[in-house]
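Participant: dropping a prediction and its sequence here:
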Amino acid sequence: MAQVADDTRSMTDVLKDSTTKVMKKIDAQVPLYVRMNSSIYREHNRLAESLLEAGYSLERMGMGSPLRQDVRWAAEMGIRLYAKTMMVQAEMCGQFLRWYPQMYISALRSFDQVVRNWVRMAYPEAGQIKPKTAG
């Protein structure tokens, strides 16, 4: 449990310091999200280039054709399944990345409402304080 180091500081000062720490942490994470998604994108590009290069090399050497029909069909189905799976995963990731900030903002607004309700109950004369709205 954290100890209160200085009882001369106001609760607003404590709130400000804590908020500053949280905002710095959030700001530090933004590059991480960008790097993670950028790394995934680069790896998909690298894999596609590698597979295409190998395929074209085999074709130039005359080893890429003719494939038995059953082998060709299985390879094509595998490639299409992989592509479909990656597209579904990319869509799910995109939906999560859209949902997460909305959920986070909702949680922050709920917390704000809880604090304001507590303040109104504890200090009825403070009921005139209006929430700051986004926009």
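Facilitator: That came through fine.
Participant: and the helix or strand hosting residue 95, what's its mean pLDDT?
Facilitator: Using DSSP states H and E, residue 95 maps to helix 69-122. In this model, helix 69-122 has a mean pLDDT of 86.
Participant: list the helices and strands it packs on?
Facilitator: If contacts are counted by 3 or more C-beta pairs under 8 Å, 6 or more residues apart in numbering; DSSP states H and E, helix 69-122 sits against no helix or strand. In short, each C-beta sits where N, CA and C put it, glycine included.
Participant: kindly export stretch 73-93 (C-alpha atoms) in PDB.
Facilitator: The C-alpha trace of stretch 73-93 is given here as PDB (Å, rounded to 0.1, in the frame of the first residue of the first chain):
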ATOM      1  CA  TRP A  73      -5.900 -28.600 -56.100                       C
ATOM      2  CA  ALA A  74      -4.600 -29.200 -52.500                       C
ATOM      3  CA  ALA A  75      -2.000 -26.400 -52.800                       C
ATOM      4  CA  GLU A  76      -4.500 -24.000 -54.200                       C
ATOM      5  CA  MET A  77      -7.000 -24.800 -51.400                       C
ATOM      6  CA  GLY A  78      -4.300 -24.400 -48.800                       C
ATOM      7  CA  ILE A  79      -3.200 -21.000 -50.100                       C
ATOM      8  CA  ARG A  80      -6.800 -19.800 -50.300                       C
ATOM      9  CA  LEU A  81      -7.600 -21.100 -46.800                       C
ATOM     10  CA  TYR A  82      -4.500 -19.300 -45.400                       C
ATOM     11  CA  ALA A  83      -5.400 -16.100 -47.200                       C
ATOM     12  CA  LYS A  84      -9.000 -16.300 -45.900                       C
ATOM     13  CA  THR A  85      -7.800 -17.000 -42.400                       C
ATOM     14  CA  MET A  86      -5.400 -14.000 -42.500                       C
ATOM     15  CA  MET A  87      -8.200 -11.700 -43.800                       C
ATOM     16  CA  VAL A  88     -10.500 -12.800 -41.000                       C
ATOM     17  CA  GLN A  89      -7.800 -12.200 -38.400                       C
ATOM     18  CA  ALA A  90      -7.000  -8.800 -39.900                       C
ATOM     19  CA  GLU A  91     -10.700  -7.900 -39.700                       C
ATOM     20  CA  MET A  92     -11.000  -9.100 -36.100                       C
ATOM     21  CA  CYS A  93      -7.900  -7.100 -35.200                       C
END
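Participant: this completes my enquiry, with thanks.
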